[in-house]
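1. Generate coordinates for the sequence data below:
(one chain, ligands or ions: 1)
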Amino acid sequence: MVTFDSFAGDVQDRFHSYKAAALVSIQTQSSKSHFRGTYNSVAKRKIGSIPSVRLTLDDGRKLIHNLPEKMTLKVDTQEEKVTTGHNVIADMKGSDSGHDIIVICAHYDSVWQGPGAFDNGGGTAGIMELARVYKEKGSKYNLRFIAFGGEEMGIWGSKAYVKRLKDKSDKIKKDKHFEKDGLKTEFDYHRFLVNLDMMGHLHGRSCAVTLGDTDIAASVRLFSKEIRYAINVRENEIYSSDNMAFNYAEIPSLSFYRCGFGDLGGHTEMDVIDNCNPAGLAHIGGFVEKWIDRYIQAMHQFPFAKTIPEAGKTAVQKWFGERNPLEYKVEGSEKRYKDKKKKKK
Ligand SMILES: [Zn+2]
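-> As a prediction, this is how the structure comes out:
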């Protein structure tokens with residue numbers, strides 16, 4: 001057994017020279033629960049793929065103090081499985097009979113570290129409430145509410161959604177009967193995306209990040225002053241969530257989230273309902289609703305140009321790396337359900 005304190009310096013080379021068969025790491029925080037998952041990707045890149053296990057601070061202390069020459073670990077393992085994710089989509093027809101679609105989305109999946117109360121139970125609750133509200137008061141534009149799956153594992157749900165629509169669009173446009181002038185596909189009609197991710201945390205502050213027309217950020221800033229809702233606005237920046245798949249396909253976005261909550265964050269076992277604040281969630285949800293009413297529904301024409309600035313396009317490309325995120329095979333089928341409930345006369 002050889003001990004290292006970190007993977008800094010020449011430790012990496014020495015690690016390889018020992019031809020380690022396994023890696024045991026020790027949690028730095030005192031926590032009763034054992035670490036679930038794999039060692040992080042940085043370590044994996046540096047030392048390669050070998051069996052690894054992480055101990056609690058208490059167990060690790062005992063191990064270091066006794067420094068045995070040999071040790072036996074009993075580890076419960078779970079095999080990785082290939083599974084199918086699902087997006088849940090609800091369409092609401094707008095009253096102006098146009099084709100433009102405004103997508104209002106949130107991912108509903110979580111990570112294994114925690115139940116995901118605010119990341120993203122909060123956002124999911126937010127879009128369900130917005131769907132309820134607009135069903136009651138109607139909408140000028142077609143609204144599409146989407147609860148995406150597989151966000152945490154690499155925005156799989158939103159990538160599949162965008163890819164499916166874009167592939168269909170590209171195919172239609174190749175058809176010789178498609179009249180190029182003035183005709184658009186369902187994909188083309190995707191005008192704008194509102195994304196709710198990490199909502200309702202008790203601590204921290206509310207934030208918004210835009211990618212698209214500069215007027216989007218300006219409208220949020222102005223509106224926050226008008227109705228006195230404190231919100232940080234970042235303009236034309238990357239927000240690592242489902243919006244990225246849309247941004248890649250040059251669909252502008254506005255994402256709302258909560259930040260500045262210290263260790264009580266998402267992707268930890270602290271992401272529980274006790275750290276959420278229903279009143280705060282209702283407050284920002286109300287802000288989103290009023291912003292949509294004021295800057296989308298009430299406008300004579302859609303106020304934001306469908307454009308992503310060049311710097312934004314480069315940043316999005318860089319975020320995805322060299323690979324085209326939409327170049328993979330989407331398996332599974334698209335099922336459409338019609339609301340069969342008849343209205344009472
Ligand atoms: Zn999230």
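
2. Where do the helices of the stretch 151-300 of the chain begin and end?
-> Counting by DSSP state H, counting those that start in this stretch, the stretch 151-300 of the chain has these helices, from start to end: 156-174, 214-226, 243-248, 278-292.

3. The first one packs against which elements?
-> It refers to helix 156-174. strand 101-107, strand 142-148, helix 243-248 (3 or more CB pairs under 8 Å, 6 or more residues apart in numbering; DSSP states H and E). (Glycine included, C-beta is placed from N, CA and C.)

4. which residues make contact with that helix from outside it?
-> 85-87, 105, 107, 109, 146, 148-151, 178, 180, 185-188, 190, 242-246, 248-249, 251, 325-326, 328, 330, 334 (CB atoms under 8 Å, 6 or more residues apart in numbering).

5. Measure how that helix sits relative to strand 101-107, angle-wise.
-> For the pair helix 156-174 and strand 101-107, the angle between their directions (axes from the mean of the first three to the mean of the last three CA atoms, to 10 degrees) equals 150 degrees.

6. The stretch 151-300 of the chain against the ion: which residues are in contact?
-> If contact is defined as CB under 5 Å from the ion, the residues of the stretch 151-300 of the chain in contact with the ion are residue 197.

7. can you rerun that using 8 Å?
-> For the stretch 151-300 of the chain, the contact set with the ion under CB under 8 Å from the ion comprises 151, 152, 197, 198, 241, 257, 266.

8. Quick check: the farthest pair among these?
-> In terms of CB to CB, those reach their longest pairwise distance at 152 and 257, which sit 14.4 Å apart.

9. sorry, back to before: what is the lowest-pLDDT residue among the residues of the stretch 151-300 of the chain next to the ion?
-> Least confident of those in the model: residue 266, at 78.

10. Spit out the contact partners of residue 239.
-> 195, 197, 209, 211, 253, 255, 257.

11. close enough to count as contact, the second one and residue 241?
-> Put plainly, it is residue 197. Yes: under the criterion of CB atoms under 8 Å, residue 197 makes contact with residue 241 at 4.4 Å.

12. joint contacts of the two?
-> Residues touching both residue 197 and residue 241 by CB under 8 Å, 6+ apart: 107, 151, 255, 257.

13. So what pairs up with the first one in the strands?
-> On the basis of DSSP bridges, residue 107 is bridged to residue 148.

14. any idea how far it is from the ion?
-> Using CB to the ion, to the nearest Å, one obtains 6 Å as the distance from residue 107 to the ion.

15. and that residue, what is it in contact with?
-> Contact criterion CB under 8 Å, 6+ apart gives 120, 123-124, 147-152, 155, 157-158, 197, 241-242 as the residues in contact with residue 107.

16. between those residues, which is nearest residue 280?
-> Proximity of the contacts of residue 107 to residue 280, judged by CB to CB, is greatest for residue 123, which lies at 13.1 Å.

17. close to the ion, is the strand or helix carrying that closest one?
-> Counting by DSSP states H and E, the element that carries residue 123 is helix 122-137. Yes: with CB under 8 Å from the ion as the measure, helix 122-137 is seen reaching the ion through residue 123.

18. That helix vs helix 278-292, what angle?
-> Put simply, helix 122-137 runs at 50 degrees to helix 278-292, going by the same axes, to 10 degrees.

19. Name the residues of helix 122-137 that are buried.
-> Neighbour-count burial for helix 122-137, with 16 or more other CB atoms under 10 Å as criterion, is recorded at 122, 123, 124, 125, 126, 127, 129, 130, 131, 134.

20. What helices and strands are in contact with that helix?
-> Packed against helix 122-137 by the contact rule (3+ CB pairs under 8 Å, 6+ apart) you find strand 88-92, strand 101-107, strand 142-148, strand 190-196, helix 278-292.
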